[in-house]
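1. Model the following, please.
(chains A and B)
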Protein chains: 2
Amino acid sequence: MTVDALTDVAGLRVGHATRIGDGWLTGTTVVLAPEGGAVAAVDVRGGGPGTKETDALDPRNVVRGVEAVVLTGGSAYGLDAASGVMAWLEEQRRGVRVGPDAGHVVPVVPAACVFDLGRGGDFRARPDAATGRAAVEAAAASEPGAAVREGCVGAGTGAVIGFLKGGVGTASTVLGSGITVAALVVANAAGYSVDPETGLLYGELFEGRRVGYPADDVHRAAQRRLAEVAAQSPLPPLNTTLAVVATDAALSKAQAQKVAGTAHDGIARAVRPVHLLTDGDTVFALSTGTRRLAEEDPLALNEILEAGADLVTRAIVRAVRAAGSVTGNENGNGKGGCWPSYEELYGRRR
Amino acid sequence: MTVDALTDVAGLRVGHATRIGDGWLTGTTVVLAPEGGAVAAVDVRGGGPGTKETDALDPRNVVRGVEAVVLTGGSAYGLDAASGVMAWLEEQRRGVRVGPDAGHVVPVVPAACVFDLGRGGDFRARPDAATGRAAVEAAAASEPGAAVREGCVGAGTGAVIGFLKGGVGTASTVLGSGITVAALVVANAAGYSVDPETGLLYGELFEGRRVGYPADDVHRAAQRRLAEVAAQSPLPPLNTTLAVVATDAALSKAQAQKVAGTAHDGIARAVRPVHLLTDGDTVFALSTGTRRLAEEDPLALNEILEAGADLVTRAIVRAVRAAGSVTGNENGNGKGGCWPSYEELYGRRR
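-> Residues are numbered from 1 along each chain as shown, chains lettered A, B, ... in the order given. Coordinates of the predicted model:
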């Protein structure tokens, strides 16, 4: 049974830590690899990235696997969340063995952040090591193949995308070859996930069916509301879309990096414009390696590349549709800002 | 007056050399910079690229400007076309001065190729230095700001995209700041430019208006025809989309590389899947530097990034719509293959 989530890749767990209220509107999401780690790679395409431990993933470098990937709010400050994940992994004796004792390990925990500073009202309320620990503990406590919460949770708690509320989304598929591919995103972008002229979610244009456009009056009302939000926004639209694309196929680091690269196409189809200087768009790829790719076919990777991009598009649609409106009450002090959700403005999916 | 083409960037000229018949269905397109060259960069995102002189464009490396960019058919063999362009430039004494004589120059001429081998029936009929010379001479002979031929010309002569005929397309815009941005593409991809479920050109989904879908019977007939073409295709769908994005804004090489990178988003929106191992997708960026970017605004580049991606999408739509069907008669021997055009199958734009 699958749950249309990153956890459909056997062995991967996802945990969220969510901080809302009293000035907070942020959080951290951890993707926990199976013990022994997963092959990992990264492709950073945004012009304003905030990352940690990404150079270790270069296919030329020594590290083969990672124990976890951290996606976090809090901009570059929030990368501290990875320290809490490292501490937990050290306690579990998980990581690269570097000394005579089984506890002498250094876990490799790549991390990337989204900008959400001040959205809960307090510029200094941002994820730290304790937030990261809470997220990885939540992941470790989850059942194998558990469903993954979407919307305003974890690293998507404070996410905003084109003045609409953003969030976390996830999706998976099983290819004809039996290989599972899945994606999890944090949708938080300076660009738009919605066509400003029609009100349609860009990502829904790629679902292989004729699209149904929102009614004119609904769209006009939504545009008025978004213009008000934009006018009242106390902060410039700094952002970043993050994604993790995972598969159970056995990939080299270099192949995984290609998967991370083409997954950015999935962001481009769902967010426009994207990869600007105001976005730090970053995609991680993970391979648990339990299924062999057809070695006799040099193009066997193509179906994973294609699926990864498509799943990222679908996960962004799910993130935006799963997000709930933030009215300012959540902030305790109402100073952070208000962002309507897509479904508040345009209604549920038809 | 603008012509909605790459030549709207003042000083840039475009020339095509087209070889059709007697086994040929290929060609070369040259973008000729103003004397003294243009700042240039490249971003290669496809998994099967064929390029020349691209390492010189790395922002860390010494070369500042290029005299011309060559896009060519003929796969890696066709890169020889660049040699003919270099020879012509040497005669003009254009290039990096490397000796006491004004004729002691080495012109930097980056090149990238598309796969079209055998499409005219003769696997060995491919662009060479003479083809490159013909294209650069055509460019040099053209008037400033001349319109650019689109469709099955130059490097797009043998282009195929998802079993439809591909080709050359171009588009331009003038931003509110007065900066001109333009793109020229050679659309030749393993993926589809048309949604197989609806018959709509993917790129037309991003025109900021409600789309009109082809009639069901038209789409079904088109799908039957494309299935026949796919069944008869003597060759695997090796391909590559190439683009040149240009602006009159003064960019550093690093800024130009960012422009080349985000322009790939424009390919992703118009072609799906893309950036596979079977595509060598490559984007060059050129800056003629006659307009200053607002230096006090670190984000001034964003509007060029956004426009570049959008223009690439539009240029791909124009390439596919401008292409004419290839019936096999053009080949002299009919052995290469037949590819219907989008407009033959779906009709002209409404």
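2. From what I see, residue A:213 and residue B:211 are in contact.
-> No - with contacts counted by C-beta atoms under 8 Å, residue A:213 stays clear of residue B:211, the gap being 9.0 Å. Yep, even glycine has a C-beta here, placed from its N, CA and C like the rest.
3. quick one: which of those two has more around it?
-> Taking neighbours as other C-beta atoms under 10 Å in any protein chain shown, residue A:213 and residue B:211 compare with residue B:211 leading, 19 against 14.
4. quick one: pLDDT of the more buried one?
-> pLDDT for residue B:211: 90.
5. how far away is it from chain A?
-> Residue B:211 sits 8 Å away from chain A, going by C-beta to the nearest C-beta, to the nearest Å.
6. Helix or strand: which one has that residue?
-> Assigned by DSSP states H and E, residue B:211 falls within no helix or strand.
7. and chain A, which of its residues are near chain B?
-> Residues of chain A lying close to chain B by C-beta under 8 Å from any C-beta of the partner chain are A:45, A:47, A:195-198, A:202, A:205-206, A:208-211, A:213, A:258, A:261-262, A:264-266, A:268-269, A:272-278, A:298-299, A:301-302, A:305-306, A:309-310.
8. PyMOL command to pick out the buried ones of those residues?
-> Buried residues within the residues of chain A next to chain B, by 16 or more other C-beta atoms under 10 Å in any protein chain shown, are selected in PyMOL with:
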select buried, chain A and resi 45+47+195+198+202+205+206+211+258+261+262+264+265+266+268+269+272+273+274+275+276+277+278+301+302+305+306+309+310
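9. Narrow the residues of chain A next to chain B to those in helices?
-> For those, membership in helices holds for A:258, A:261-262, A:264-266, A:268-269, A:302, A:305-306, A:309-310, with DSSP state H as the criterion.
10. from the residues you listed, which is closest to residue A:157?
-> Comparing those against residue A:157 with C-beta to C-beta places residue A:266 closest, at 22.5 Å.
11. Checking the nearest residue to that closest one once chain neighbours are set aside next. Helix, strand or coil?
-> Nearest residue to residue A:266, sequence neighbours excluded (C-beta to C-beta, 6 or more residues apart in numbering or on different chains): residue A:312, at 2.9 Å. Classification of residue A:312 using DSSP: H, G, I helix; E, B strand; the rest coil returns helix.
12. show me where the stretch 201-350 of chain A has strands.
-> Assigned by DSSP state E, counting those that start in this stretch, the stretch 201-350 of chain A shows strands spanning A:242-249, A:282-291.
13. who does the first one touch, helix- and strand-wise?
-> Which is strand A:242-249. Here strand A:242-249 is seen to pack against strand A:68-72, strand A:180-187, helix A:253-270, strand A:282-291, helix A:302-322 when contacts are counted using 3 or more C-beta pairs under 8 Å, 6 or more residues apart in numbering or on different chains; DSSP states H and E.
14. ok, 7 Å please
-> Helices and strands touching strand A:242-249, by 3 or more C-beta pairs under 7 Å, 6 or more residues apart in numbering or on different chains; DSSP states H and E, are strand A:180-187, helix A:253-270, strand A:282-291, helix A:302-322.
15. Give me whichever of these is most buried.
-> strand A:180-187 (a mean of 32; mean count of other C-beta atoms under 10 Å in any protein chain shown).
16. That strand vs helix A:302-322, what angle?
-> On the basis of axes from the mean of the first three to the mean of the last three C-alpha atoms, to 10 degrees, strand A:180-187 is oriented at 40 degrees to helix A:302-322.
17. Tell me how many other residues surround residue A:48.
-> Residue A:48 has 18 nearby residues by other C-beta under 10 Å.
18. residue contacts, it?
-> Residues near residue A:48 by C-beta atoms under 7 Å, 6 or more residues apart in numbering or on different chains: A:277-280.
19. With pLDDT as extra columns, can I get these in CSV?
-> Listed next are the contacts of residue A:48 as CSV, based on pLDDT from 0 to 100:
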residue, pLDDT
A:277, 94
A:278, 92
A:279, 93
A:280, 95
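20. closest to chain B among those?
-> Of all the contacts of residue A:48, chain B sits closest to residue A:277, with 5.4 Å by C-beta to the nearest C-beta.
21. Fine by me, thanks again.
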